[in-house]
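K.L.:
Fold the following for me, if possible:
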Amino acid sequence: MNQLFHWPVFAWMALVAGCSTSTPPPHLRAMDVPLKSSGTATVDGSWAFSQPGYLGVYIRTDKPQTVSISVEPASVVSIAGRKSGPASHSRFDLPAGTFLLTVESSAGQALVKSLDIRGATVLAGNTPESALAAADTYIQQGRKSTVTLSLPGLSPGTPIEVHQLRPAFLFGANASGSSNVLLASNAPVDSDAARFRSFFPEHFNAVVPSNTGKWAYHESSPGVIGGPGLDYLDAILAFAAASHLTVRMHNMIWDTGQQPQYAQDLLTKAEKGDAAAQAELRQAISRRINYYVRQRAARYQELDVLNESLHRPRYVQVYGLSGVADIYREVADVLVEVSPNTKTYLNEYNVIQYSQEPLAPKPTHPPADPFDHYANWYRRHAEVLNVRGAKIRGIGVQFYVDTRPAVADPYSAEKVYQVFTNLAGTGLPITLTEFGIKAGGDEATNARIMSENLRLAYGHPGVTGFMFFGFWSKSMWDQAPAAVLADDNFHLTSLGKVYADLRTSWSTHISAAVRPDQTLTFSGFHGDYELLAAGRRYTFSIGPDTRAVTVNPPKQ
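P.N.:
The predicted structure is shown next:
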């Protein structure tokens, strides 16, 4: 039995009692399952996958319940990030809530015939309401753990305060600019720099360098490394360390004008078949790896190696997939030496909305719906690169939401959740690396969409971070100006207050007293904590597998 969450004895008794009155299971032909990431139906109602992917259906439990699933033939079944199988029969102990149940295929060609579900209500269709309900269930059940603190240094009855300091999930934003105007030391208290330094760690636990992370600002001539851009990057790294922020490094190489001119020229020559230019550019990339990764990776935790590798495809076209995998592998090998916990990422746009394989030939007769609503092309790209040895350890998704209802591919919450689910099938963590909202919607619509995407990301077991790329009114991308969280003076806007309220609802702060057995039991969101009692400060962490923690007195 796959026990999804840990339950006290009384809940287990209720679960067992509920099992005895289960209603007959619905029998679903595979072709009738609402979510199908790829493939076609067969004449007998089976579903034939055309590539790795999943079938999915939303289910609801009204109380803690054992849910049994039968699949023909034996398959991997997943609910809320937990997997069972491959097997013909799987069982999950679930709390009350809504869940996305998936039958997964990791093979290119596979067949699923039918699916039987006992112990839960099968929900019709693939709706935004179901996706958001599943996200909310996971937030309350999967992002929290019930933990017992042993407090040997505190007497029974001692009043205590428990505060979450930082969530385990990354809520971040960018530090804009290509030179330092936001982190100047000794800045006047009413300056943008001082306000930024105060505002940022209060509302975010992760930071992303934007322009200053890019090659053009670090090495304008071959081997001439340094300048204001690299100084600003180092200032961001120092600020992050002092403020206990995680850093997403963005980005090492990218086929745009934000590469040095000499790199752009070499790439153009290599694209035309110049082997010497190709070799020289590859040497320049290794030189960049030395100062960008070897010398700095110990201070950041995620790294976009080749940004937008398919939408900006010349590196793929020049070096091939094996050559791009070799660049990733070189970075990964350096990380093993200097910062093993730093993860290398792919990063792409038009993954959720307007999702199409960038390098696919245009069909002679375009289909009525030309979009890949599961981002199969992106999943395939990640898996192919790793098969070729890239050692990619994370998938980055950019999402600048087009809120207009009458566009070719309108926004909907269920599309977000189904893409996350497909990409999570790679086994790699997902970061929503760049979030923004394009112009065109009213303030209420923008607030709703921002709230939905925060819930969908935090409420998906495969997603580990959510980054705003533009949050301050003075520094918003003109193509996506609508998700402003802070005004010119760093006061929260109406959207900023929605964000802050969600963050507050997803944090844990309690007042209690030490029990007679010198323990405290509570349910808390995953992250780092402090406990204040008797004039002392204790620290501890809660993770998905944390059930008991001994909190020893601090050293005097």
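
K.L.:
could you measure the closest residue to Glu302 other than its chain neighbours against Ala500, distance?
P.N.:
Counting by Cβ to Cβ, 6 or more residues apart in numbering, Arg248 is the residue found nearest to Glu302 once chain neighbours are left out, at 4.4 Å. Every C-beta, even on glycine, is put in place using the N, C-alpha and C of the backbone. Counting by Cβ to Cβ, to the nearest Å, the separation of Arg248 from Ala500 is 21 Å.

K.L.:
Which parts of stretch 517-537 count as buried, going by neighbours?
P.N.:
Going by neighbour count (16 or more other Cβ atoms under 10 Å), the buried part of stretch 517-537 is Thr519, Leu520, Gly524, Phe525, His526, Gly527, Asp528, Tyr529, Leu531, Ala533.

K.L.:
which of these sit farthest apart?
P.N.:
Spanning the widest gap among the buried residues of stretch 517-537 are His526 and Ala533, at 22.0 Å by Cβ to Cβ.

K.L.:
Ranking helices and strands of the protein by mean pLDDT, which lands last?
P.N.:
Using mean pLDDT, DSSP states H and E, the weakest-scoring helix or strand in the chain turns out to be helix 9-19, at a mean of 34.

K.L.:
on that earlier part again, report pLDDT for the residue nearest to Glu302.
P.N.:
We have a pLDDT of 98 for Arg248.

K.L.:
Tell me how many other residues surround Met450.
P.N.:
When neighbours are defined as other Cβ atoms under 10 Å, Met450 has 23 of them.

K.L.:
what's the biggest strand by length in the chain packed up against?
P.N.:
Ranked by residue count and defined by DSSP state E, the top strand of the chain is strand 65-79. Judged by 3 or more Cβ pairs under 8 Å, 6 or more residues apart in numbering; DSSP states H and E, the packing partners of strand 65-79 are helix 9-19, strand 53-61, strand 82-94, strand 97-105, strand 110-112, strand 114-118.

K.L.:
by how many degrees do it and strand 53-61 diverge?
P.N.:
The directions of strand 65-79 and strand 53-61 differ by 160 degrees, with axes from the mean of the first three to the mean of the last three Cα atoms, to 10 degrees as the criterion.

K.L.:
Just the mean pLDDT for strand 65-79, thanks.
P.N.:
94.

K.L.:
who does that strand pair up with?
P.N.:
strand 82-94 (antiparallel), strand 97-105 (antiparallel), strand 114-118 (antiparallel) (DSSP bridges).

K.L.:
Point out the most buried one among those.
P.N.:
Most buried of these, by mean neighbour count (mean count of other Cβ atoms under 10 Å): strand 97-105, with a mean of 25.

K.L.:
Run the chain-centre distance for it.
P.N.:
18 Å (Cα atoms, centre = their mean, to the nearest Å).

K.L.:
neighbouring contacts of that strand?
P.N.:
30, 33, 35, 49, 52-61, 67, 69, 71, 75-80, 83, 112, 115, 117, 120, 123, 130-131, 133-134, 136-137, 140-141, 417, 421, 425 (Cβ atoms under 8 Å, 6 or more residues apart in numbering).

K.L.:
Repeat that for stretch 212-226.
P.N.:
Outside stretch 212-226, the residues that reach it (Cβ under 8 Å, 6+ apart) are 175, 177-179, 211, 227-230, 232-233, 236, 249-254, 257-263, 284, 287-288, 291-292.

K.L.:
Right, I'll leave it there.
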